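**Q** no FASTA, just this:
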């Protein structure tokens, strides 16, 4: 088969090869389009990761609270709910069902709805990891906090969470890489991210192979970048003499 | 907003949903069996200690694991007709894709499972004069499978959820069945809601079953 990599330098409207590969004036080339799609992928993934970290931490902590069985049950129910429905179905729920039930959400942009969907989906997994991280700590840590007169909130803030987060960095790394991969499902509600770009551009240019390879390379670069950043964070925050046990990864 | 599930009578379900449900279950079953088979081969290649076997298997597994499943599905849908020489249906393409994709994930589970068997077991097999194949088949793999069973089943539940992604190539699965019914009756909201409930009930019961099994196995050991 013969390759035609010039497809990336083509104008998206006229189909002419542009000098320098980037569009000028109002015109854009497929390369411009792909980079902007990459931007959407990264924004969806990072915003969803933020939502997932915040919500997942809260739910994960709730599930380990002593003496509050109802909060523990609430946390468990949350995890079961978001873990047992496929991501694509959850995205459809947020896109079609929730705005129909809650009129105030009708003005939300698809981007925000996808970020909520992907964020809450991932929050269940992060909650599971946070819980595992907290429970991996020796009970004595909690008692030590109580013994010096900390409230429950202070015990979590100063004793338990700083250690728990360090323990769960390896599974958090794979979850952060997963969120980049999972953001591809946003194509289903027409977010202009990489998968959507692939679908449209391969149709328009009739060069699906070249477009596919470009998109896959960008996905791999994103995943590797996250991996390196997390490895850097892990090294920076390492407690000397403490070997992180690591939790479970898995899923995709 | 008033929800109306009234149109979901048995006729609609048997016309639209059941066909999709069968395909989802079929795809899950075939991909699990195929994935475990090829995944075990990949895992054995990676553990063989021979570079020319290990390197390609590692490349394949890491490659599959770094590409989003949707892109893998789309990629196979694009590539396989080139290889086969004629267009293939979305359903066939989905089956090939899921076996190839899940093999990578199952191989990682297998590898961890095989490595969890103490070295002494391998030596014991060798001491009895077993060949590599006999040792694997009679001593290592039966124990490894048992250790891995809960993880394998959990992966199968994830796989069942992931089959909904064949939406990307228009294959007719459970989600598509609900969607089609919803479109035909002008009730997409109720359809998606019902689809979510059905997926939840199936996956929740399965994962409850896996949890019980995990406990049972844990007590015996």
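**A** It's in. Computed from a predicted model, the values in this text were never measured in an experiment. Numbering: from 1, shown residues only, chains lettered A, B, ... in the order given.

**Q** any buried residues in the helix ranked longest in chain B, and which?
**A** What stands out as the longest helix in chain B, according to DSSP state H, is helix B:188-220. Across helix B:188-220, burial judged by 16 or more other C-beta atoms under 10 Å in any protein chain shown covers B:188-196, B:198-200, B:202-204, B:206-207, B:210. Yep, even glycine has a C-beta here, placed from its N, CA and C like the rest.

**Q** show me what it is packed up against.
**A** helix A:69-83, helix A:87-92, helix B:141-162, helix B:174-184 (3 or more C-beta pairs under 8 Å, 6 or more residues apart in numbering or on different chains; DSSP states H and E).

**Q** which stretch among the ones you listed is buried most, on average?
**A** Of all the helices and strands packed on helix B:188-220, helix A:87-92 has the most neighbours on average by mean count of other C-beta atoms under 10 Å in any protein chain shown, namely a mean of 25.

**Q** does the next helix or strand after it come close to chain B?
**A** Counting by DSSP states H and E, the next helix or strand C-terminal to helix A:87-92 is helix A:98-101. Yes: counting by C-beta under 8 Å from any C-beta of the partner chain, contacts between helix A:98-101 and chain B involve A:100-101.

**Q** helices or strands next to the next helix or strand after helix A:98-101 in the packing?
**A** Sequence-wise, the next helix or strand downstream of helix A:98-101 (DSSP H and E) is helix A:110-136. With contacts defined as 3+ C-beta pairs under 8 Å, 6+ apart, helix A:110-136 has these neighbours: helix A:30-62, helix A:69-83, helix A:87-92, helix A:161-167, helix A:169-182.

**Q** ok, the residue most central in space within chain B - contacts?
**A** The centroid of chain B falls nearest to residue B:159 when counting by C-alpha atoms, centre = their mean (3.9 Å). For residue B:159, the contacting residues are B:28, B:31-32, B:35, B:98, B:102, by C-beta atoms under 8 Å, 6 or more residues apart in numbering or on different chains.

**Q** before we move on, what about residue A:33?
**A** Residue A:33 is in contact with A:12, A:197, A:201, counting by C-beta under 8 Å, 6+ apart.

**Q** those in helices, which ones?
**A** When DSSP H is applied, the contacts of residue A:33 are split such that A:197, A:201 fall in helices.

**Q** so what's the residue count around residue 117?
**A** You didn't pick a chain, so chain A it is. 28 (other C-beta atoms under 10 Å in any protein chain shown).

**Q** that was the other one, I meant chain B.
**A** Around residue B:117 there are 16 other residues, counting by other C-beta under 10 Å.

**Q** for chain B, what lies in contact range of chain A?
**A** Proximity of chain B to chain A, by C-beta under 8 Å from any C-beta, involves residues B:1, B:65-71, B:74-75, B:78, B:82, B:105, B:151, B:154-155, B:158, B:161-162, B:164-165, B:167-168, B:175, B:188-189, B:192-193, B:195-196, B:199-200, B:203-204, B:207.

**Q** redo that, cut-off 7 Å
**A** Within reach of chain A by C-beta under 7 Å from any C-beta of the partner chain, chain B has these residues: B:1, B:66-71, B:74-75, B:78, B:105, B:158, B:161, B:164-165, B:167, B:175, B:188-189, B:192-193, B:195-196, B:199-200, B:203-204, B:207.

**Q** check which helices and strands the strand or helix carrying residue A:234 sits against.
**A** Assigned by DSSP H and E, residue A:234 falls within helix A:208-237. Under the contact criterion of 3 or more C-beta pairs under 7 Å, 6 or more residues apart in numbering or on different chains; DSSP states H and E, helix A:208-237 touches helix A:30-62, helix A:169-182, helix A:194-205, helix B:69-84.

**Q** distance to residue A:239 and mean pLDDT added to those helices, as CSV?
**A** Putting the helices and strands packed on helix A:208-237 into CSV (distance: least, C-beta to C-beta, whole Å; pLDDT from 0 to 100) gives the following:
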stretch, distance to residue A:239, mean pLDDT
helix A:30-62, 19, 95
helix A:169-182, 12, 92
helix A:194-205, 38, 90
helix B:69-84, 36, 87
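
**Q** export the ones you listed to a markdown table and tack on distance to residue A:120?
**A** Below are the helices and strands packed on helix A:208-237 laid out as a markdown table (distance: least, C-beta to C-beta, whole Å):
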| stretch | distance to residue A:120 |
| --- | --- |
| helix A:30-62 | 6 |
| helix A:169-182 | 12 |
| helix A:194-205 | 21 |
| helix B:69-84 | 19 |
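
**Q** pick the most deeply packed of these.
**A** helix A:169-182 (a mean of 22).

**Q** who does it touch, helix- and strand-wise?
**A** Going by 3+ C-beta pairs under 7 Å, 6+ apart, helix A:169-182 lies up against helix A:30-62, helix A:110-136, helix A:208-237.

**Q** how distant is that helix from the center of its chain?
**A** Chain-centre distance of helix A:169-182: 7 Å, with C-alpha atoms, centre = their mean, to the nearest Å.

**Q** same question, stretch A:136-156
**A** Using C-alpha atoms, centre = their mean, the offset of stretch A:136-156 from its chain centre is 31 Å.

**Q** equivalent analysis for stretch B:10-18, please.
**A** 25 Å.

**Q** gap between the two ends of that stretch?
**A** 10 Å (C-alpha to C-alpha, to the nearest Å).

**Q** average pLDDT for that stretch, rounded please.
**A** If you average the pLDDT over stretch B:10-18, you get 81.

**Q** let me see the residues that make contact with it.
**A** B:177-178, B:180-181 (C-beta atoms under 7 Å, 6 or more residues apart in numbering or on different chains).

**Q** repeat the analysis, applying 8 Å as the threshold.
**A** B:174, B:177-178, B:180-181, B:184-185.

**Q** list the buried ones in it?
**A** Here stretch B:10-18 shows B:12, B:16-17 as buried, counting by 16+ other C-beta under 10 Å.
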